[in-house]
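[1] Give me a 3D structure for the following:
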Amino acid sequence: MARLLVAASLEEDPERAYRYAQSARGLAARVGVVRETAGIAAYRAGRWADALAELRAARRLTGRDSYLPLMADSERALGRLDRALDLVTGAEARNADRGTQVELLIVESGIRRDQGLAEAAVVALQIPELTDGRVRPGYVRLYYAYADALVDAGREEDARDWFARAAAADPAGETDAAERFEELDQVAFADLQMPDSEDWAEDADAGEDWAEDEAADADGRADAEEGDDTEEDDTAPSAPSAPGTRHP
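    Alright, predicted model coming up:
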């Protein structure tokens, strides 16, 4: 049984890991860690109903509230948002340890997004662990979920910053935060476009007109100064020179 549990934990293929866990369950169905392993394996394999059944059994056997986030997310995946919210906001959730509460808030944010409440999904995650300015490796999932909620709310610039924080807190690359940051960074760069060619041509023509006007003004000023010098010269004609023309 122990070998099967280890195999289920180490196996990268979700379906094969679930089969290992099911085999262990067949040997010791009344052992809490066995039902926990089976529930987590079912969750990773996308077997939401099986995950709920196994995690409920594990909770009865162990009394732990740490399974609540996976249970709530399984209810969410089954489309039962009201049941998921009941798990997120119930008395058991309020009595859970802080790490479990944070995971429940991540699930709540996902529920709000499913309900079409993008801004509520953002607000749900604005907790001290997010807003105190510190980058904590233990909260990579929180940073990532917040960035994802910001994208859904149309706040790509803010989301890019939070994906960067998630990537900084995830040097092992357990999430794709670095890739998501690069994608948004490329989008931001693409937005820095050159002006439209017609607008650019109009601006260039306006610049040429301004240069011509300035040149004409300079000629006019030179003619006027020359006329003034002539008046002061005793040998110059008495008639003044015509003033230069200044464009408006």
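
[2] my guess is Gln165 meets Val135, correct?
    Actually, residue 165 is Arg rather than Gln. Yes. Between Arg165 and Val135 there is a contact under C-beta atoms under 8 Å: 5.7 Å. Bear in mind the C-beta positions are built from the backbone N, C-alpha and C, glycine included.

[3] if you count what's nearby, which of the two comes out ahead?
    Arg165 (22 against 12; other C-beta atoms under 10 Å).

[4] leaving aside the residues next to it on the chain, what's closest to Ala17?
    Glu11 (3.8 Å; C-beta to C-beta, 6 or more residues apart in numbering).

[5] Neighbours of that neighbour, how many?
    Residues contacting Glu11 under the criterion other C-beta under 10 Å number 17.

[6] Quick check: pLDDT value at it.
    What the model reports for Glu11 is a pLDDT of 95.

[7] Now list whatever residues contact both of Arg165 and Val135.
    Common contacts of Arg165 and Val135, defined by C-beta atoms under 8 Å, 6 or more residues apart in numbering, comprise Tyr143.

[8] next one: phi and psi at the residue nearest to Ala17?
    Note on Glu11: backbone dihedrals following degrees, to the nearest 10 are phi -70, psi 130.

[9] Same check on the one 10 residues further on?
    Its backbone dihedrals place Ala21 at phi -60, psi -40, with angles given as degrees, to the nearest 10.

[10] now it: how far from Arg141?
    For Ala21, the distance to Arg141 (C-beta to C-beta, to the nearest Å) stands at 23 Å.

[11] If you count surrounding residues, which of the two has more?
    Neighbour comparison, Ala21 and Arg141: the larger count goes to Ala21, with 29 against 17 (by other C-beta under 10 Å).

[12] if I pick the more buried one, what's in contact with it?
    So Ala21 contacts Leu4, Leu5, Ala8, Val34, Thr37, Ala38, Ile40, Ala41, Ala42 (C-beta under 8 Å, 6+ apart).

[13] Now that the third one has come up, it's in contact with Glu36, right?
    The reference is to Ala8. No. Taking C-beta under 8 Å as the definition, Ala8 is not a contact partner of Glu36, at 10.6 Å.

[14] where's the spatially closest residue to Gly138 that is not a sequence neighbour, which helix or strand?
    Distances taken as C-beta to C-beta, 6+ apart put Gly99 closest to Gly138, at 7.8 Å, once the chain neighbours are dropped. Using DSSP states H and E, Gly99 sits within helix 98-114.
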